[in-house]
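[1] I'd like to go over a predicted model; first the sequence, then the structure.
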Number of protein chains: 2
Amino acid sequence: MLAEIITIGDEILIGQIVDTNSAWMAQTLNNIGIRVKQISSVSDDEQHILDALKLAESRAEVILITGGLGPTKDDITKRTLARYFNMGFRRDEETLAQVSSIFRRANRPMIELNRMQADVPNGCIVVPNRNGTAPGMWFNAHGKIFVSMPGVPYEMMYMMEEEVLPRLKAALNLPFIYHKTILTAGIGESFLAVRIADLEASLPEYIKLAYLPKLGQVRLRLSGSSRDEVQLHADIDQYSKMIANEVREFVVVEEDIPLEKAALNMMQSMNLRLSIAESCTGGYIAHLLTKHSGSSAVFSGGAVTYSNDLKMAVLGVQSRTLEEYGAVSEQTVKEMAIGAMQNFKTDYSISVSGVAGPDGGTESKPVGTVWIAVASKHGVEARLFNFGNKRIQNIERAAAAAITLLISRLKLDHQ
Amino acid sequence: MLAEIITIGDEILIGQIVDTNSAWMAQTLNNIGIRVKQISSVSDDEQHILDALKLAESRAEVILITGGLGPTKDDITKRTLARYFNMGFRRDEETLAQVSSIFRRANRPMIELNRMQADVPNGCIVVPNRNGTAPGMWFNAHGKIFVSMPGVPYEMMYMMEEEVLPRLKAALNLPFIYHKTILTAGIGESFLAVRIADLEASLPEYIKLAYLPKLGQVRLRLSGSSRDEVQLHADIDQYSKMIANEVREFVVVEEDIPLEKAALNMMQSMNLRLSIAESCTGGYIAHLLTKHSGSSAVFSGGAVTYSNDLKMAVLGVQSRTLEEYGAVSEQTVKEMAIGAMQNFKTDYSISVSGVAGPDGGTESKPVGTVWIAVASKHGVEARLFNFGNKRIQNIERAAAAAITLLISRLKLDHQ
């Protein structure tokens, strides 16, 4: 079963916002056995939207559309859909009641522009929006299913989870799709490929292997789709195990989870607690950890010590160390890690100090120079990296390297 | 001048990665006067890529393609392009030298799979990749320009900035595109629309106004394209000023910058320093601030105090306060803000404590309950929010609300 996603809005095409909706929608569709054939982002332009709808329905059975449902003049999705399906409009009473209640709760007056949110093409089924004023619209037309949803991520997400996915499951007779991912770190894509070449060649036709490199990690993903769920799982699990065994020393975890989540899981299973002392990563590592629910079972907290004063006051770094070696040095980063571990009373601690850029580089410590340390009762270990000259990438790569170092340390300490 | 972006790779279509490349590419193309007509994400499938190329070239003059250039079997972009343009292959000596040097520097043996990275369709112009082994490829064909680039973001970004954009500017005769954005907070989209309805109706045909809502903010964006750069800027600047004046009390800044950057700029111009005490936002506010270069001029640092122990040890929150009122309370969040301001010696400080979810909610403090405080020498002010029940959204919305509260406070204190 194939779906297409059409996102409507000039803000994506001028790069003002990153389209995070599509990836989330694709994931949730995959989970129920619907494969996304294409994602198209088109402008707030009637003819362009009409063309995109026509092409999408020629390739897929389900067409999900987001965006362009706001109350203002530049939002034209609703009237374009009415035109595409040759429908007039009706005012939907339930939607009107929902819009009114939102305005009542917010104690705001309602104007005609808001009431018009309840006008929908007369042949559509209204999909309620519990978190906003723009209703979703479901069309059974041309032998296909079309669903239009708001572009605001959390409105779309609720609508998908609570309304659209259950209705799709009920309406379609779906095959099973199954993915299994192995997360590796410390080995390049082409070397992995050589190591598992024979296994890859022996895969049955209906199982695909993909290499997904990112920030020093490579994910190996096996995917397949079948009517026989038991056989599908058994086959993919078996090949996945063989591949993981072939490259065992580089395997972080045999699950599709982020690196930091793998670290959290490892530490939780060992009943260990973690703290962090961040300089150039500026809170990013703490954010990576704490965006996962349940992280408080492992993560006690941390310090973002941008200034030298804070490195001394909060982490107990010696002023002599800072003077003699500088903030970006093996000595400082080790004292940061030890200080965090002691002051925050944790079993392990990571620290990072570097030059994220674009300013602040020197000849001996150019932009991209980053020291990372991991401390535990087994001692403290520091490593030097040089990541390049883009600030955001330096932050992201330093964070990934810090967590990889932590995982290696945990593996060694608890073999 | 119209461009299209085609991103190739199953990892986008199954939602394993979010396509951040396209937004960045669209922005940089806009800056040189090239408008993106459509962004299409397609699968690692030859026929699908061929179809996407054909459609894109029917709509646009420039077609930028990313992804599918890795050394492994699932990367088929290069041979599909050769087929599309009906070309054979040649081994490019400069690329081979570049690939070899990367392997020498990394002290890694090179295999035939790596050498094959230097094979390119014989009619293309090679675009060097200074940061990786897959070369870019430029095709002048069918009266259009096609450029294929790696999907790894930092490889693509360097290639665009250093090679592709300068070559596009040289090859094309481009009109000027100009955007001006007003960032507002604290007023809904439809109310803005009513307030500026007359101005919107009076806009000349070639200037478009878009409403871009996000996390309690609405961006108003005027855009136009013209051969007459001076007139274009003058017109858009004039209308932008009129619109900003009409809704002055809600205007944060008349620039297209993130909310936190506006706060940093305000504080830097006032010579003020900021610290942060985060509980449920877990480092995200610190990350938002520190991802901007130059943030160290304002931001001293902060504490991520997930545990109550750290709230007491690092921020000086009284144990009695935690016992009596709990961690998520007006009293605690105020003590956190004051503690950060005093311990970290800053002029202002923000603190956040809440229930991000999905666990940890109670009847009186359900998931989404967040207290935010701002402290300064003028005193401390706290506000209660309830954001809903999605963890990531609670973190993002709490961060946006905290920075909005800081900006309001700064405006009041320094009128």
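    Right, received. Where do you want to start?
[2] Give the closest residue to residue A:103 in space, chain neighbours not counted.
    residue A:110 (4.5 Å; Cβ to Cβ, 6 or more residues apart in numbering or on different chains). Bear in mind the C-beta positions are built from the backbone N, C-alpha and C, glycine included.
[3] For residue A:306, the count of nearby residues, please.
    Number of residues near residue A:306 (other Cβ atoms under 10 Å in any protein chain shown) recorded here: 26.
[4] Next one, pLDDT for it please.
    Listed pLDDT for residue A:306 reads 90.
[5] tell me, how many neighbours does the nearest residue to it once chain neighbours are set aside end up with?
    Nearest residue to residue A:306 in three dimensions, chain neighbours excluded: residue B:301, at 4.5 Å (Cβ to Cβ, 6+ apart). Residues within reach of residue B:301, counting by other Cβ under 10 Å, total 28.
[6] What parts of the stretch 301-415 of chain A come near chain B?
    Counting by Cβ under 8 Å from any Cβ of the partner chain, the residues of the stretch 301-415 of chain A close to chain B are A:301-307, A:309-310, A:313-314, A:343-345, A:356-359, A:388, A:390-393, A:395.
[7] close to chain B, is the helix or strand where residue A:268 lies?
    In the assignment (DSSP states H and E), residue A:268 maps to helix A:259-269. No - judged by Cβ under 8 Å from any Cβ, helix A:259-269 makes no contact with chain B; its nearest approach is 11.7 Å.
[8] Any buried residues in that helix, and which?
    Using 16 or more other Cβ atoms under 10 Å in any protein chain shown as the test for burial, helix A:259-269 gives A:259, A:260, A:261, A:262, A:263, A:264, A:265, A:266, A:267, A:268.
[9] Dump those residues to CSV, plus pLDDT.
    Shown next, in CSV, are those (pLDDT from 0 to 100):
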residue, pLDDT
A:259, 95
A:260, 97
A:261, 97
A:262, 96
A:263, 96
A:264, 98
A:265, 97
A:266, 96
A:267, 97
A:268, 97
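[10] Which one of those is nearest to residue B:172?
    residue A:259 (41.7 Å; Cβ to Cβ).
[11] So for the closest one, what's the nearest residue that isn't a sequence neighbour?
    residue A:403 (5.1 Å).
[12] ok, the residue nearest to residue A:306 touching residue A:304?
    Yes - judged on Cβ atoms under 8 Å, residue B:301 makes contact with residue A:304 at a distance of 4.8 Å.
[13] now stretch A:199-219: how far from the chain's centre is it?
    Mean-position distance between stretch A:199-219 and its chain equals 20 Å (Cα atoms, centre = their mean, to the nearest Å).
[14] tell me the secondary structure for residue A:382?
    Counting by DSSP: H, G, I helix; E, B strand; the rest coil, the backbone at residue A:382 sits in strand.
[15] any idea how far chain B is from it?
    Distance of residue A:382 to chain B, computed by Cβ to the nearest Cβ, to the nearest Å: 21 Å.
[16] List the beta-bridge partners for that residue.
    Going by DSSP bridges, residue A:382 is paired in beta bridges with residue A:373.
[17] what helix or strand does the residue of chain A positioned farthest from its centre sit in?
    For chain A, the largest distance from the centre (Cα atoms, centre = their mean) belongs to residue A:320, which lies 41.9 Å off. Using DSSP H and E, residue A:320 sits in helix A:319-325.
[18] Show me what that helix is packed up against.
    Where contact means 3 or more Cβ pairs under 8 Å, 6 or more residues apart in numbering or on different chains; DSSP states H and E, helix A:319-325 is packed against helix A:308-315, helix A:330-343.
[19] quick check: longest helix of chain A.
    As assigned by DSSP state H, the longest helix anywhere in chain A is helix A:391-413.
[20] Rounded mean pLDDT for that one, please.
    pLDDT averaged over helix A:391-413 gives 93.
[21] Put the alpha carbons of it into CSV.
    Taking Å, rounded to 0.1, in the frame of the first residue of the first chain, the C-alpha atoms of helix A:391-413 are listed here in CSV:
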residue,chain,number,x,y,z
ARG,A,391,29.4,25.9,14.7
ILE,A,392,26.2,23.7,14.7
GLN,A,393,28.1,20.7,13.3
ASN,A,394,30.8,21.2,15.9
ILE,A,395,28.2,21.1,18.6
GLU,A,396,26.4,18.1,17.2
ARG,A,397,29.6,16.1,16.4
ALA,A,398,31.1,16.9,19.8
ALA,A,399,27.9,15.7,21.5
ALA,A,400,27.9,12.4,19.5
ALA,A,401,31.7,11.9,20.2
ALA,A,402,31.1,12.5,23.9
ILE,A,403,28.3,10.0,24.1
THR,A,404,30.3,7.5,22.0
LEU,A,405,33.3,7.9,24.4
LEU,A,406,31.0,7.3,27.4
ILE,A,407,29.6,4.1,25.8
SER,A,408,33.1,2.8,25.1
ARG,A,409,34.1,3.5,28.7
LEU,A,410,31.0,1.8,30.1
LYS,A,411,31.7,-1.3,27.9
LEU,A,412,35.3,-1.4,29.2
ASP,A,413,34.5,-0.8,32.8
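[22] Understood, closing this out.
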